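Asker: Got a predicted structure here, sequence first:
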Amino acid sequence: MDISTIVWLVIIAALFFYVVSIYNRLVALKNRYENAFAQIEVQLKRRYDLIPNLVETAKGYLKHERETLEAVISARNTALAGLKAAASNPGSAAAIADLGSAEGALAGALGRLNVVMEAYPDLKANQNMQQLTEELTSTENKVAFARQAFNDAVMTYNIFKQSFPPVFFAGFFGHRNDGKLLEFADSETFQAAPRIEF
């Protein structure tokens, strides 16, 4: 074998290993953002489990506010369905957008419930209600942190996928779509966790 053949083989091997490294990095980054979404899913499920307890505790005091309570439960169920759809495919831009919209609607319903409960001092003093409120606030903070980690992971994936030269290989390796950031319909509500005071 002459020296030019060896040089060409080294160049081809280096290119091969570089392309393999691009593939591996795309896979790792996609798995990282899917795992980050799983962390959001855990916190949102916890939140969805707390909401019916909150409503049940409030029912005894809010007999004349049935419409508000039903709106909260309906918004919770819609958000839960959105979470299930997004969890089955965290790479789906439509599913992530639907989840964001459903979360915004839920935040609005919880805000209306908060306003209604302000008129019931006995409810605000109820120990179960105080504990549920504290747990819900804590969960809201965890959702915010998990959402930030997810969005950071999606950005890292998108930046690498769109950069040169990975942009030429991403589609070939099955990475055709960019990751979608999880933005809630009412982002201002979630930048500072919703305050539910009793």
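Answerer: Yes, it's here. All values reported here derive from a predicted model rather than from experimental measurement. Numbers count the residues shown, from 1 in each chain.

Asker: can you count the residues close to residue 35?
Answerer: Per other CB atoms under 10 Å, the neighbour tally for residue 35 reads 13. Any C-beta I mention is one placed from the backbone N, CA and C, and that applies to glycine too.

Asker: Against residue 73, how distant is it?
Answerer: For residue 35, the distance to residue 73 (CB to CB, to the nearest Å) stands at 30 Å.

Asker: Residue 153 now?
Answerer: Residue 153 sits 32 Å away from residue 73 when distances are taken as CB to CB.

Asker: So between the two, which is more surrounded?
Answerer: residue 153 (21 against 13).

Asker: got a list of what the more buried one touches?
Answerer: Residues near residue 153 by CB atoms under 8 Å, 6 or more residues apart in numbering: 29, 32, 33, 35, 36, 179.

Asker: ok, now residue 71?
Answerer: Contact partners of residue 71, counting by CB under 8 Å, 6+ apart, are 109, 112.

Asker: Identify, by residue count, the longest helix of the protein.
Answerer: helix 3-59 (DSSP state H).

Asker: now the strands for the protein?
Answerer: Taking DSSP state E as the criterion, the chain contains no strands.

Asker: give me the low-pLDDT residue ranges for it?
Answerer: The model of the chain has pLDDT under 70 over residues 185-198.

Asker: hmm, back to that, let me know the closest of the contacts of residue 153 to residue 173.
Answerer: residue 29 (11.8 Å; CB to CB).

Asker: what residues are up against the closest one?
Answerer: Applying CB under 8 Å, 6+ apart, the residues contacting residue 29 are 153, 156, 157, 160, 161.

Asker: out of everything not next to it in sequence, what's closest to it?
Answerer: Distances taken as CB to CB, 6 or more residues apart in numbering place residue 157 nearest to residue 29, at 4.0 Å, with adjacent residues excluded.

Asker: For residue 106, see how far away that neighbour is.
Answerer: The spacing between residue 157 and residue 106, counted by CB to CB, is 27 Å.

Asker: go on, residue 1?
Answerer: From residue 1 across to residue 106, the span is 68 Å (CB to CB).

Asker: Show me the helices in the chain, by range?
Answerer: When secondary structure is read from DSSP H, the chain shows helices at 3-59, 66-88, 93-117, 121-125, 127-162, 166-170, 187-191.

Asker: just these: most buried one?
Answerer: Compared across the helices of the chain, helix 93-117 shows the largest average neighbour count, a mean of 20 (mean count of other CB atoms under 10 Å).
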